[in-house]
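*Asks:* Show me the folded form of this:
(chains A and B)
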Amino acid sequence: MALVVEEAHGQRIAAATEAAQLLGARPGMRLTDARALDPGLQVVVADPAGDAALLERLARWASRWSPLVEIDGADGLRLDASGAAHLFGGENGLIADIQRRLSSLGLSSRVAIACTPGAAWALAHHGASAAQSCPVDATAARLAPLPVAALRLPPEVTRTLERLGLKRIGTLAGVERRPLARRFREADNPLDALDRMLGRKAEPLTAIPDDPPPRALLRLAEPVSDPAAAPQALDLLVPGLVKQLEARKLGARRLLLAGYRVDGEVAVAVAATALATREAKHLHRLLADKAGTLDPGFGFDGFALEAAWCEPLGAGQDGLIGGPPPALEVARLVDRLSVKLGPERVRRPQPRASHLPERASGWRPALEPAAECMAPPPTAPRPPRMLDRPEAIAVIYATPEGLPRRFVWRRAVHDVTRAEGPERIAPEWWRERSTARLRDYYRVEDREGRRYWIYREGLHGDGRGGDPVWYLHGLFG
Amino acid sequence: MAAGGQRARLRPLDGGGGARPRSGQEAAVPQGTEAPWRLPGELPAPAGPTLSELFAASPRDGGWAGLLLGQLVPERPLLWVQDRMAILESGRIYPPGLGLSELIHVEVRDARDALWAMEEGLRCSALSAVVGELWGDPQALDFTATRRLAVAAERHGVAAFLIRLGGHANLSGARMRWRVASAPSLPHPLNPRAPGPAAWEAELFRARGFAPGRWRVGDEPAQGGETVKGAENRRDLAAAAGDRTLAAAGGRS
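*Replies:* Below is the predicted model:
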């Protein structure tokens, strides 16, 4: 079987299977010539664009072996294996892993590791074996028997070299340099190619770029210093960004509006969202206020709106009775509140694994996802309100460990009519200093019926300080 | 009371429902006389979600929170806005004691931000309620601001509760205005020296469509409900009325 491409002079074979090659079909041959040799040759039209897309997918996938991956030609990938090979058991281990995984994808491969990209390419394409790793000092010797086509020069240069009788790289190495250099142009010089192969000249890799974030740009013909320009630019930018997000099935989590000023400065407004979204109205509303406060200085000559952090987001559907689903609506409320008041002021409860009341229930910014936690359920009633810092109170109580009778909080006397307790909470010795004292919590009610949560810190004679101190910690409803 | 206990089964503390204050016959109980007992569910309530204003009798009295929690829907998200002074003076809300499943807490610097956040919240009809706590008598809290809140609450069907700590009852657009104080709690079923189920003294001093009045409101936690039923420690308790649930009481009225 062979793959063919359409050309000016008829169909030409782009690639052929091994069985077809045995019967005479070669890449680059006219299809009619191959048909003459083997009338039974089956032909499929090649799909270069599909091949390129597959190669790009493979290149991203190949970053499992090395962070630096480059697409090389129509059928090759180059990996920077320095510092990465030992993770797979040395260079031979890396080669074996690459071959095994590619063959499990149904692809045949030729792999070579060498000290320069050129040498690796030559060995992979023209080497004797399908997989080899070449030590640094053996590079010249390994390359010597390869044909000059392995230098990767344009075909006419290769043909010239072959006509000159320089068929192998080894013979080229023995030729006087200056006459040869005079004969070829700079880019086609076979000696340069040889130098690059042997590492005498630099040939850096350029890696495939990561996906650039969705970005909408607006260039202004004249700089504007009107503060109202940024909100107006936002009107124009948001639809463009939303279109990009839609095409890539993404939703924005963080937005950056950058105003480029003529004096080389950049003014930036940032907004974050609790759920990935690409609704133009909502995005516009989040940034509209902040855009108005951007300092234009001597004037903006350009704006960019970038979704710096995106998450995959499929097409959503509103409810049948209209309006977005409740979770989405709450998330949008959180976005609006966080943008105006600051993300650290809009919070949700975050339970933590602790018995100390103030530590058991923390807060997290509502924009952030909840952390998993196995919090112990409280064993006794907890008040609906707690003071951020427990306030010291003066208490008359039945020493050493009796119920409180009367206490003074904020210069007012409260007579305790009823009390319940203690609920003893020991210090968390794995976290606190050795002088931390235990707490005995009491629910008390004063004469007017106000219910408080107070505690005595420490015991008489526990050796961790003087007399116990009383604190008021919470107010019951 | 336990976290889940606030919205537990409630039982009347007197002989029955009695007349609703709508008729005006219980209005304006003179000072000094004993106010009639009520359950939180039997207090006069507006027909739909609207703005109610609750004045705490004293900043150091957290009793209003218990009465308020009994009226919230715990399954749906709730927005709770507190200004800085309210947090300093009477504490930050403590989620384990609230028993709400989803809660968004907003801490704001002043009343202007608090009112803005409350209004934003009221526009989000996925919320069950918006609670805002304000300290003192801020300049921003005038008739227009409260009227805006009331209109937003009614238009989007989200109940709003404006809690006033240490403030005066100035002109306001709130549909119902309450003054709530703690009352000595009911007897504990097992331990006579311990605080029992919470009780409050609630005064409705201004409302649209209701006559003002004063009531003592009692709450009863679910645990031990079977053991105290018909017990002699519940004064004024009619045995026949003891098994009514809150739903039944609400449906009857």
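
*Asks:* Let me see the contact set for the residue with the largest distance to the centre of chain A.
*Replies:* The C-alpha centroid of chain A is most remote from A:Ala398, which lies 61.8 Å away (CA atoms, centre = their mean). With contacts defined as CB atoms under 8 Å, 6 or more residues apart in numbering or on different chains, A:Ala398 is in contact with A:Arg405. Any C-beta I mention is one placed from the backbone N, CA and C, and that applies to glycine too.

*Asks:* ranges for the strands of chain B?
*Replies:* In chain B, the strands defined using DSSP state E lie at B:37-38, B:51-56, B:78-83, B:92-93, B:103-108, B:129-135, B:159-165, B:176-183, B:199-207, B:213-218.

*Asks:* How far away from the center of its chain is stretch A:14-21?
*Replies:* Once both centres are worked out by CA atoms, centre = their mean, to the nearest Å, stretch A:14-21 turns out to sit 41 Å from its chain's centre.

*Asks:* Kindly check the end-to-end length of that stretch for me.
*Replies:* 12 Å (CA to CA, to the nearest Å).

*Asks:* Kindly report the same for stretch A:116-135.
*Replies:* 11 Å.

*Asks:* And the contacts of it?
*Replies:* Applying CB under 8 Å, 6+ apart, the contact partners of stretch A:116-135 are A:72, A:76, A:78, A:91-92, A:95-96, A:99, A:109-115, A:139, A:142-143, A:145-147, A:149-152, A:169, A:193, A:196-199, A:203, A:205.

*Asks:* in that stretch, what's buried?
*Replies:* A:116-127, A:131-134 (16 or more other CB atoms under 10 Å in any protein chain shown).

*Asks:* Stretch A:162-181 too?
*Replies:* Neighbour counts over stretch A:162-181 (16+ other CB under 10 Å) mark A:166, A:169, A:172, A:180 as buried.

*Asks:* Make TSV out of those and add secondary structure and pLDDT.
*Replies:* Putting these into TSV (DSSP: H, G, I helix; E, B strand; the rest coil; pLDDT from 0 to 100) gives the following:
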residue	secondary structure	pLDDT
A:Leu166	coil	82
A:Ile169	helix	83
A:Leu172	helix	79
A:Leu180	helix	78
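
*Asks:* Leaving out chain neighbours, which residue sits closest to residue 84?
*Replies:* In the absence of a named chain, chain A is used. Spatial nearest neighbour of A:Ala84, chain neighbours left out: A:Ser66 (4.5 Å); criterion: CB to CB, 6 or more residues apart in numbering or on different chains.

*Asks:* should've been chain B
*Replies:* Setting aside the residues directly before and after it, B:Arg84 is nearest to B:Arg109 in space (CB to CB, 6+ apart), at 5.7 Å.

*Asks:* and the gap between that neighbour and B:Ala117?
*Replies:* Taking CB to CB, to the nearest Å as the measure, B:Arg109 falls 11 Å from B:Ala117.

*Asks:* which one of those two has more residues nearby?
*Replies:* B:Ala117 (26 against 12; other CB atoms under 10 Å in any protein chain shown).

*Asks:* just checking, the more buried one touches B:Glu107?
*Replies:* No: the criterion here is CB atoms under 8 Å, and B:Ala117 misses it with B:Glu107 at 9.7 Å.

*Asks:* And the residue nearest to B:Arg84, how close does it get to A:Thr116?
*Replies:* Taken as CB to CB, the span from B:Arg109 to A:Thr116 is 63 Å.

*Asks:* Same check on A:Pro400?
*Replies:* Using CB to CB, A:Pro400 is found at 83 Å from A:Thr116.

*Asks:* Pick the one among the buried residues of stretch A:116-135 closest to A:Trp363.
*Replies:* Of all the buried residues of stretch A:116-135, A:Trp363 sits closest to A:Pro117, with 53.4 Å by CB to CB.

*Asks:* So what does that closest one look like in phi/psi?
*Replies:* When read as degrees, to the nearest 10, the backbone of A:Pro117 gives phi -60, psi -40.
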